[in-house]
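Trainee: Show me how the following folds:
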Amino acid sequence: MIQDIGPSVFHNEYRHIRPRKDDVILMFDSGGAVLCSMSCGRIAFPDIRENDDDAVYLFSIDNTGYFLYRGPAVQKPEGYNFYRLRELRSSSSGPEVFAAFTAYHLWRWYEDNRFCGSCASPMTEDTKERALVCTKCGRMVYPRINPAVIVGVIKDDRLLITRYNRGYSHDALIAGFAEIGETLEQTVAREVMEEAGIRVKNIRYYRSQPWGMAQDLLAGFFCEQDGDDPIRVDDSELASAVYKSRDQIELQSAQLSLTNEMMTVFKEGRAGQEIKW
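Mentor: As a prediction, this is how the structure comes out:
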């Protein structure tokens, strides 16, 4: 998946530091596209080090620090363009894709919290932890993470495959956000009922994934349909929802998403195997 960048190691401990010689500064435009070049499936970020006073530390991968540029617009270097994350997802791989997704998550948070939600005063960066602090009332804001589930529903050795009405155009699984007062297991049962009109049982956790494109933390679950009720598709969200056998499941070539990995392990007969950590 996108976070599986081994042998590289991701370090998300916050540090109040300035960029060093070999660190990376990422720049996003107003629409959330990141400035980079793409060649042979690899991403390279430009050197904008003359502007590092306007950079805030995000995270490190191995010994390289990644920073977010928050200053005024600068001239785009030759050979570099702004690419949306969906373009990077379909065209590239490696630690740089994960870096771009995770940097976007934090860029979105910084952009959404430039002013205090209580008194409308400017927010400033805390120096001890990943937080924004109101310059007037002292209100603190931490990065937003949206919990959501991805659900592989199984019946008679077939997997429930969906297609969305809009956006993502490939085969997918039931998915949705956790609501107030729910456990993730309750979210699984509710989302399957809402989108497909069926009850489920034997809900079991598979694996999780950070998904910076939507500021999500995705938790994957497998379960079985409980009973023989027919599928009733919620056509406000889904174009279709049908059970497919292993040989009917179509996978994406890039193994970046939790959805694609769960479809893969079912297709290969590994859905019942425990993940070891």
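
Trainee: Can I get stretch 83-100 in CSV, CA atoms only?
Mentor: Output of stretch 83-100 as CSV, limited to C-alpha atoms (Å, rounded to 0.1, in the frame of the first residue of the first chain):
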residue,chain,number,x,y,z
TYR,A,83,0.2,17.7,-10.4
ARG,A,84,-2.9,16.6,-8.6
LEU,A,85,-2.5,13.6,-6.3
ARG,A,86,-4.8,11.4,-8.5
GLU,A,87,-2.2,11.9,-11.3
LEU,A,88,0.7,10.9,-9.0
ARG,A,89,-1.3,7.9,-7.8
SER,A,90,-1.9,6.6,-11.3
SER,A,91,1.6,7.4,-12.7
SER,A,92,4.2,7.0,-10.0
SER,A,93,5.3,4.9,-7.1
GLY,A,94,7.8,4.9,-4.2
PRO,A,95,8.3,6.9,-1.1
GLU,A,96,7.8,10.2,-2.9
VAL,A,97,4.2,9.4,-3.6
PHE,A,98,3.6,8.7,0.1
ALA,A,99,5.4,11.9,0.9
ALA,A,100,3.2,13.9,-1.4
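
Trainee: what distance separates it from the centre of its chain?
Mentor: 11 Å (Cα atoms, centre = their mean, to the nearest Å).

Trainee: just stretch 121-132 next, same as before
Mentor: 23 Å.

Trainee: pLDDT weak spots in the protein?
Mentor: 48-51, 93, 167-169, 273-277 (pLDDT under 70).

Trainee: domains in it, as residue ranges please.
Mentor: Listed by automatic domain parsing, the domain ranges of the chain are 10-111, 113-143, 146-267.

Trainee: who wins for proximity to I2 among those domains?
Mentor: domain 146-267 (4.4 Å; Cβ to Cβ). (Each C-beta comes from the backbone N, C-alpha and C, glycine too.)

Trainee: start to end distance for the closest one?
Mentor: End-to-end distance of domain 146-267 (Cα to Cα, to the nearest Å): 28 Å.

Trainee: Equivalent analysis for stretch 203-223, please.
Mentor: 4 Å.

Trainee: now do stretch 133-140
Mentor: 5 Å.

Trainee: What of stretch 189-202?
Mentor: End-to-end for stretch 189-202, by Cα to Cα: 10 Å.

Trainee: what sits up against that stretch?
Mentor: 149, 151, 153, 160, 162, 174-176, 179, 182, 188, 203, 223-227, 229-234, 237-238, 241 (Cβ atoms under 8 Å, 6 or more residues apart in numbering).

Trainee: Return the distance of the residue nearest to D235 when sequence neighbours are not counted relative to C40.
Mentor: Leaving aside its chain neighbours, D235 sits nearest to N165 (7.3 Å; criterion: Cβ to Cβ, 6 or more residues apart in numbering). N165 sits 35 Å away from C40, going by Cβ to Cβ, to the nearest Å.

Trainee: Who has more neighbours out of the two?
Mentor: N165 (11 against 5; other Cβ atoms under 10 Å).

Trainee: and Q225, what does it touch?
Mentor: 153-155, 160, 198-201.

Trainee: Now which of the contacts of stretch 189-202 would you call buried?
Mentor: 149, 151, 153, 160, 162, 174-176, 182, 188, 203, 223, 225, 231, 233, 237-238, 241 (16 or more other Cβ atoms under 10 Å).

Trainee: I'd like the domains of the chain as JSON lines, with distance to Q3 appended.
Mentor: Output for those, formatted as JSON lines (distance: least, Cβ to Cβ, whole Å):
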{"stretch": "domain 10-111", "distance to Q3": "6"}
{"stretch": "domain 113-143", "distance to Q3": "16"}
{"stretch": "domain 146-267", "distance to Q3": "6"}
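
Trainee: Quick one: the helices in the protein, in order.
Mentor: Taking DSSP state H, the helices of the chain run over residues 85-91, 95-112, 184-196, 258-267.

Trainee: Nearest residue to the residue nearest to the spatial centre of the chain in space, please, no chain neighbours.
Mentor: In the chain, the residue lying closest to the centroid (Cα atoms, centre = their mean) is W211, at 1.0 Å. Spatial nearest neighbour of W211, chain neighbours left out: L218 (5.3 Å); criterion: Cβ to Cβ, 6+ apart.
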